[in-house]
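Q: model this:
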Amino acid sequence: MSTLDIDTVRAFLLVAELQGFTRAAEALGTTQAAISMKLQRLEGVVGKRLVERSPRAVALTEDGAAFLHHARALIEAHDRALSGDKPTRQQLSLGISDHAAGPELVPLLERLHAISSQLAFSVTIGFSRQMLDAYDAGELDAVVVRQEGSRRGGEKLTEDEFAWFAARRIAWRRGETLPLAMLAPPCGVRALAVRALDKAGIVWSESFVGGGVTAVSAAALAG
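A: Numbering: from 1, shown residues only. Have a look, this model is predicted:
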């Protein structure tokens, strides 16, 4: 009788949830090739193709999606067997830049919960520099931040373009003082905006200073 290897099933779950061999390998501290071999062995045991591989994406097959539920149940049962009747509780402290904490935050938290139902996590939202300092100090396990200067490391999740936003009814003419709604220092985006205005010779004044992107957006749209 064939048996399922727990570590291999965990690797499958990470590939499914993180949607990639590279990310799964980083999470497990191993190589992409090792993860690929684990998945091949698992597919050999279950006799089904579980993952569709392509240069740009990794997706579960129909059989893989069906196996996902059983894989989660197996890992949860395994963890309960090791810990007795007391559920194993894992803690994850996540820091997110206020600029990144948009509508994508909900599906991100859903994916984290899907990795383990016993995962308890705390989320801190603030300026990128503050989140990075907390991460460097060991106060946070992971961060999602705007890239700061020449700092390297981590993984690029997406790219954003900067733009100016204003209420439809705003009436500003060149030469007039431009009223701004902006985040308080030490916001890096604020610093970029101020440098751009100063370089263009535009006189500006703080009309609203907010502690978060949502507040600043509301103030700008309100005129």
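Q: so M182 touches A215, yeah?
A: No. M182 lies out of contact with A215 (CB atoms under 8 Å); the separation is 10.5 Å. Glycine gets a C-beta too; all of them are placed from N, C-alpha and C.
Q: Which one of these two is surrounded by more residues?
A: Of the pair M182 and A215, M182 is the one with more neighbours under other CB atoms under 10 Å, namely 19 against 15.
Q: nearest spatial neighbour of that one, skipping sequence neighbours?
A: Distances taken as CB to CB, 6 or more residues apart in numbering put R190 closest to M182, at 5.0 Å, once the chain neighbours are dropped.
Q: Identify the residues contacting that neighbour.
A: Taking CB atoms under 8 Å, 6 or more residues apart in numbering as the criterion, R190 is in contact with M182, L183, A184.
Q: Which residues are in contact with R174?
A: For R174, the contacting residues are I202, by CB under 8 Å, 6+ apart.
Q: Would you list the phi and psi of it?
A: Main-chain torsions, R174, degrees, to the nearest 10: phi -50, psi 130.
Q: where's it relative to V203, distance?
A: Applying CB to CB, to the nearest Å, the value for R174 to V203 is 10 Å.
Q: Could you do A191 as well?
A: A191 is 18 Å from V203, by CB to CB.
Q: likewise M131?
A: According to CB to CB, M131 stands 33 Å off from V203.
Q: swap in A193?
A: 14 Å.
Q: Which elements pack onto the host helix or strand of A81?
A: Using DSSP states H and E, A81 maps to helix 62-83. Helix 62-83 makes packing contacts with helix 6-18 when contacts are defined by 3 or more CB pairs under 8 Å, 6 or more residues apart in numbering; DSSP states H and E.
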